[in-house]
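Asks: build me a model:
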Amino acid sequence: MKMKKSLMSLALVVVCLFSTSGTALAAERFNAVEYESVDSMDSSATSSAIRESIVAETTAAARSIYGYAAKYTNPLTGSFTVNASGSGNSTGHFQITTHDFPGSPTVNVVLRRPDGTVATQIYITGNGTKTVSFSNAVAGNYTITYTVLGSNGGWISAWVSS
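Replies: Modelled structure (predicted):
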């Protein structure tokens, strides 16, 4: 009888171990690796899609202009040129950053289109950045005329874009 109780206890322990182990395994997260299948494509369709993508990107890039130049303002009045290459757009952006000016001088900056007409004007006091929009942004050499109302020079950085 004692032997039967021992065997029965041993069997119960084994059943408990397996049932606990099975539950733990079922609760564990199984991270299976998933593989994607790729169907073969017609090479002419692939090169055609790539060609269309390149044409679309080139066309989008051709509708904008971009140029940058900087000048140290000594003398306190003068001009410099920004070459904005690309293709024209209806609206352009003119950004000026002034830096390394001692004190807070007022800087007047005028942007002229390649044909000489005034595109826009910016007044900025001290060191900082200002951006304004202008119409008829065409590609070409923009002239920037500046006047510093103060006694010392500094840097003017200019961006023309659309």
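Asks: please enumerate the strands of the protein.
Replies: Taking DSSP state E to define them, one finds strands in the chain at 65-72, 77-86, 89-99, 106-112, 118-125, 128-137, 140-149, 155-161.
Asks: could you dump the ones you listed to TSV with mean pLDDT and mean neighbour count?
Replies: Yep, even glycine has a C-beta here, placed from its N, CA and C like the rest. Formatted as TSV, the strands of the chain follow (pLDDT from 0 to 100; neighbours: other C-beta atoms under 10 Å):
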stretch	mean pLDDT	mean neighbour count
strand 65-72	97	16
strand 77-86	97	16
strand 89-99	94	17
strand 106-112	97	18
strand 118-125	97	16
strand 128-137	97	14
strand 140-149	97	18
strand 155-161	97	20
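Asks: give the contact list for Ser151.
Replies: Shown in contact with Ser151 (C-beta atoms under 8 Å, 6 or more residues apart in numbering): Pro105.
Asks: OK, contacts around the closest residue to Gly103 other than its chain neighbours?
Replies: With sequence-adjacent residues excluded and distances taken as C-beta to C-beta, 6 or more residues apart in numbering, Gly103 is closest to Gly150, at 6.2 Å. Residues counted as contacts of Gly150 (C-beta under 8 Å, 6+ apart) are Leu76, Phe101, Gly103, Ser104, Pro105, Thr106.
Asks: please pick the buried ones from those residues.
Replies: The neighbour count (16 or more other C-beta atoms under 10 Å) marks Leu76, Phe101, Pro105 as buried among the contacts of Gly150.
Asks: nearest to Gly116, of the residues you listed?
Replies: Lowest distance from Gly116 to the buried ones among the contacts of Gly150 (C-beta to C-beta) belongs to Leu76, with 23.2 Å.
Asks: hmm, Asn108 and that closest one touching each other?
Replies: No. Here Leu76 lies out of contact with Asn108, judged by C-beta atoms under 8 Å, at a distance of 10.7 Å.
Asks: give me the common contacts of the two.
Replies: What both Leu76 and Asn108 touch, as defined by C-beta under 8 Å, 6+ apart, is the set Thr147.
Asks: that concludes my questions; thank you for your assistance.
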